[in-house]
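Novice: Here is my input; please provide its structure:
(chains A and B)
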Number of protein chains: 2
Amino acid sequence: MEAKQTSTQSKARLGLLKTAHGEIPTPIFMPVGTTASVKAVSPRDLSEIGAKIILANTYHLHLRPGTPLIAKMGGIHKFSGWHGPVLTDSGGFQVWSLKELRKIKENGVEFRSHLDGSKHFFSPESVMQAQREIGADIIMAFDECTPFPSTAEEAQKSLNYTKLWTRTAKEWLYKNPPLHGYEQKFFGIIQGGMHEELRLQAIEELKEIEPDGYALGGLSVGEPAEVMYKIADLCTEHLPPDKPRYIMGVGTPWNLLELILRGIDMFDCVMPTRNARNGMLFTSNGILHYKSARHKEEEIPPDENCSCYTCKNFSRAYLRHLIHSGELLALQLASIHNLHFYLHLMEQSREKIASGDFEAWAGERIQMLQKPLPAKAG
Amino acid sequence: MEAKQTSTQSKARLGLLKTAHGEIPTPIFMPVGTTASVKAVSPRDLSEIGAKIILANTYHLHLRPGTPLIAKMGGIHKFSGWHGPVLTDSGGFQVWSLKELRKIKENGVEFRSHLDGSKHFFSPESVMQAQREIGADIIMAFDECTPFPSTAEEAQKSLNYTKLWTRTAKEWLYKNPPLHGYEQKFFGIIQGGMHEELRLQAIEELKEIEPDGYALGGLSVGEPAEVMYKIADLCTEHLPPDKPRYIMGVGTPWNLLELILRGIDMFDCVMPTRNARNGMLFTSNGILHYKSARHKEEEIPPDENCSCYTCKNFSRAYLRHLIHSGELLALQLASIHNLHFYLHLMEQSREKIASGDFEAWAGERIQMLQKPLPAKAG
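Specialist: Just a heads-up that it's a prediction; the model follows:
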């Protein structure tokens, strides 16, 4: 990654990450398309929203439609119709969260499909093979997640697996080149629970493997936000400045701003799309619940300061009508807005870092964005 | 309506219907947006598909969000973000089909909401008032549907209500001008079941009222297609040539071609969108069930001869993956394709009528379109 500029008042930084399918300016948020589809949003809408990179998931694609099929179709870009950069998560988190359905061994994880109970085995090698088949621009190491809370002993044990598997994955990738004719960047994952010394140990061990990027895993798993911020702050102190830092599965808009201040570059989360489907919109004036009777007769758009397709064309009253009528268009319009909101927040952050006034702006935004929409506000 | 050209070999005809929100070339198919939203398709996608006019339903909009709200929002165009022509059905069919929940009286129908059981009353006047509030470009008389099968006596009784209510509606409209500052065309509905003499009687009575267009109701209710064609053929023989003819709730692509041959100009049906959501696509080579294992590894688009967004960007394999993964995008892409297919079929029909070779082309298409996709075809 090309680190272009770092703030003088915080660890906020601008970067440019080059991939086979395009350049990604950082800080960036990655919309989640678990099954090779961002829920309710077409690739065309994603481009218009300003998405630069999409996330997909190896566990889900392994089960359905199967990664060999994606390979046969020419890789995930051709398969899904999204021709920009893609990152695939390894599925480490998904198999780990199957709990009763999985058994962790030194050479991998045996698990049963959440769909049909069929037996599967993921090894660090097989997960790399699957990601070669999928053909994402950035692929993730297969890790072993650390439960929260965990003792130092448990966290250490989990860390040992992750270290071993990451090394195995890197070696496998070295011997097995990409299948689709372009480079795939390899990111390692830092575990260690909320134990600072283990996080530092994980970083030192990962540095030896020399991945193309560093991901922080095992955060946003139930710990207080302040603890997450502290761990992220500690990690970025010790990470190489010329590599991207990606915090996995985080978070709210204000989480993103807090973490940009602490030197994080990349984010992903199902929150904008999931909350959109459940009736919650993020706006520049705070949180809007569009099912609420309060918006029944409001002719104004969800966010008057927003330039997304939804806000340019539809009122709160119409959106509320659609969701109460069970119309699919509600989910589509709400998802477009929330994703645009996240992407625009990242764009604004980059502009503010570039102009040197990110910190004051972020401070104000962090307060504002998490409040309910004021009674009188547009 | 401006009748532009009639075929020398059949009753197929070209027309141009002028409304306050745009001109509609006929023959035309109208996508159904019951609740002021065409299911899973945005107004922007509708424009791209080539939709010229959208249908909405007075019964549904009366219950939710309520027609006074739509009036307050400036009418259905502003409310829904669809700025082209709109036609509203009167809700006559919907209240009639509530069966156990409604009581038909001479001055209207008392019914209970299918949503919450609340009591409502529709009179010919109140339904016109509701359609003034909604503000569609074309509004429909409130009719009493005739069950199928029905005796001549039952059909006559039903016809008497429709005749009375249509006259009342026209008088009410005369005294109560539009609310949104533009003209609303008024179409009457021809009932009479499958009884030819009653259909003719209905036409003669409706002619006296001088509506802006003539709709054929009470068809596609379980009768054989041949009976529907025969009734339509009979009706168009006796309808004035300078007014549009609209057959309500019909039908398959081949139904449309058969009825264009018999002099029908306008169609609406939930079939393209409903079937799309249920896994069925219409293509130029026949019917495609996109859930089928047969399409699992097919990299070609649903219809290789189609220029819609779906066919230009996605494979059968991807569409199949989406629907099996429960992804909303499947419903969106399939609905876009099927609506585009219907609209394109109408566009082709108009071209073929203009060039004088509609009949031979329609004959071939009627055979082809209803077959399952051939095993080898692209």
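
Novice: okay, CA-based contacts and neighbour counts for the rest of this
Specialist: Noted.

Novice: Give me the three-state assignment for residue A:180.
Specialist: Judged by DSSP: H, G, I helix; E, B strand; the rest coil, the three-state class of residue A:180 is coil.

Novice: show me the contacts for the nearest residue in space to residue A:269 that is not next to it in sequence.
Specialist: Nearest non-adjacent residue to residue A:269, counting by Cα to Cα, 6 or more residues apart in numbering or on different chains: residue A:249, 4.6 Å away. Going by Cα atoms under 8 Å, 6 or more residues apart in numbering or on different chains, residue A:249 touches A:219, A:220, A:267, A:268, A:269, A:270.

Novice: Who are the contact partners of residue A:338?
Specialist: A:272, A:273, A:276, A:281, A:282.

Novice: Please work out the average pLDDT along the host helix or strand of it.
Specialist: Per DSSP states H and E: residue A:338 is located in helix A:328-355. On average, the pLDDT along helix A:328-355 is 98.

Novice: in it, what's buried?
Specialist: A:328-350, A:352-354 (16 or more other Cα atoms under 10 Å in any protein chain shown).

Novice: Chain B contacts on the stretch 1-150 of chain A?
Specialist: When proximity is defined as Cα under 8 Å from any Cα of the partner chain, the stretch 1-150 of chain A approaches chain B at A:35, A:37, A:39-42, A:64-65, A:69, A:73, A:79-81.

Novice: May I see those residues organised as a markdown table, with pLDDT, neighbour count and secondary structure added?
Specialist: Shown next, in a markdown table, are these (pLDDT from 0 to 100; neighbours: other Cα atoms under 10 Å in any protein chain shown; DSSP: H, G, I helix; E, B strand; the rest coil):
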| residue | pLDDT | neighbour count | secondary structure |
| --- | --- | --- | --- |
| A:35 | 98 | 24 | coil |
| A:37 | 98 | 26 | coil |
| A:39 | 98 | 23 | coil |
| A:40 | 98 | 25 | coil |
| A:41 | 98 | 22 | coil |
| A:42 | 98 | 22 | coil |
| A:64 | 98 | 17 | coil |
| A:65 | 98 | 21 | coil |
| A:69 | 98 | 20 | helix |
| A:73 | 98 | 21 | coil |
| A:79 | 98 | 25 | helix |
| A:80 | 98 | 24 | helix |
| A:81 | 98 | 19 | coil |
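
Novice: May I have the secondary structure class of residue A:189?
Specialist: Per three-state DSSP, residue A:189 ends up strand.

Novice: My guess is it contacts residue A:140. True?
Specialist: Yes. With contact defined as Cα atoms under 8 Å, residue A:189 and residue A:140 form a contacting pair (7.4 Å).

Novice: If you tally nearby residues, what's the number for residue A:375?
Specialist: 7 (other Cα atoms under 10 Å in any protein chain shown).

Novice: quick one, strands of the stretch 101-250 of chain A?
Specialist: Listed in chain order, the strands of the stretch 101-250 of chain A (DSSP state E, counting those that start in this stretch) span A:102-105, A:108-112, A:119-122, A:138-140, A:185-190, A:213-216, A:245-247.

Novice: Quick one: the ones you listed as a markdown table, columns for mean pLDDT, mean neighbour count and distance to residue B:19 too.
Specialist: Formatted as a markdown table, the strands of the stretch 101-250 of chain A follow (pLDDT from 0 to 100; neighbours: other Cα atoms under 10 Å in any protein chain shown; distance: least, Cα to Cα, whole Å):
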| stretch | mean pLDDT | mean neighbour count | distance to residue B:19 |
| --- | --- | --- | --- |
| strand A:102-105 | 91 | 15 | 64 |
| strand A:108-112 | 95 | 19 | 60 |
| strand A:119-122 | 96 | 16 | 61 |
| strand A:138-140 | 98 | 26 | 53 |
| strand A:185-190 | 98 | 25 | 57 |
| strand A:213-216 | 98 | 24 | 58 |
| strand A:245-247 | 98 | 25 | 55 |
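
Novice: Turn those strands into a markdown table, including distance to residue A:257.
Specialist: As requested, the strands of the stretch 101-250 of chain A are exported to a markdown table (distance: least, Cα to Cα, whole Å):
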| stretch | distance to residue A:257 |
| --- | --- |
| strand A:102-105 | 36 |
| strand A:108-112 | 35 |
| strand A:119-122 | 35 |
| strand A:138-140 | 23 |
| strand A:185-190 | 21 |
| strand A:213-216 | 16 |
| strand A:245-247 | 12 |
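
Novice: Any idea which of the ones you listed gets closest to residue A:57?
Specialist: Among the strands of the stretch 101-250 of chain A, the nearest to residue A:57 by Cα to Cα is strand A:138-140 (10.0 Å).

Novice: what comes into contact with the closest one?
Specialist: For strand A:138-140, the surrounding residues in contact (Cα under 8 Å, 6+ apart) are A:19, A:86-90, A:128, A:131, A:184-189.

Novice: ok, residue A:102 touching residue A:108?
Specialist: No. In terms of Cα under 8 Å, residue A:102 does not count as a neighbour of residue A:108; the distance is 10.3 Å.

Novice: ok, back up a step: please report how far the residue nearest to residue A:269 lies from chain B.
Specialist: As judged by Cα to the nearest Cα, to the nearest Å, residue A:249 and chain B stand 21 Å apart.

Novice: Repeat that for residue A:68.
Specialist: For residue A:68, the distance to chain B - Cα to the nearest Cα - is 11 Å.

Novice: Wait, a strand at that residue?
Specialist: No. Counting by three-state DSSP, residue A:68 falls outside a strand, being helix.

Novice: Next, count neighbours for it.
Specialist: 17.

Novice: Residue A:173 contacts residue A:128, doesn't it?
Specialist: Yes. At 6.9 Å, residue A:173 counts as touching residue A:128 under the criterion of Cα under 8 Å.

Novice: okay, and the common contacts of these two?
Specialist: With Cα under 8 Å, 6+ apart, residue A:173 and residue A:128 have no common neighbours.

Novice: neighbour count winner among these two?
Specialist: residue A:128 (25 against 16).

Novice: Which single residue of the stretch 151-300 of chain A ends up nearest chain B?
Specialist: residue A:299 (6.5 Å; Cα to the nearest Cα).

Novice: Spatially nearest residue to that residue, not counting backbone neighbours?
Specialist: Per Cα to Cα, 6+ apart, closest to residue A:299 is residue A:315, 5.0 Å.

Novice: Next, the contact list for the residue in the stretch 1-150 of chain A that chain B sits nearest to, please.
Specialist: With Cα to the nearest Cα, the shortest gap between the stretch 1-150 of chain A and chain B falls at residue A:40, namely 5.0 Å. Residues near residue A:40 by Cα under 8 Å, 6+ apart: A:331, A:332, A:335, B:327, B:328, B:329, B:332.

Novice: Equivalent analysis for residue A:58, please.
Specialist: A:88, A:89, A:90, A:91, A:127, A:130, A:131.

Novice: just residue A:244 next, same as before
Specialist: Taking Cα under 8 Å, 6+ apart, one finds A:1, A:17, A:212, A:213, A:214, A:264, A:265, A:266 in contact with residue A:244.

Novice: now do 10 Å
Specialist: Neighbouring residues of residue A:244 by Cα atoms under 10 Å, 6 or more residues apart in numbering or on different chains: A:1-3, A:15-17, A:26-27, A:187, A:212-215, A:263-266.

Novice: What of residue A:262?
Specialist: The neighbours of residue A:262, taking Cα under 10 Å, 6+ apart as the test, are A:10-13, A:229-237, A:256.

Novice: Tell me which of these fall in helices.
Specialist: In this view, the contacts of residue A:262 that belong to helices under DSSP state H are A:229, A:230, A:231, A:232, A:233, A:234, A:235, A:236, A:237, A:256.
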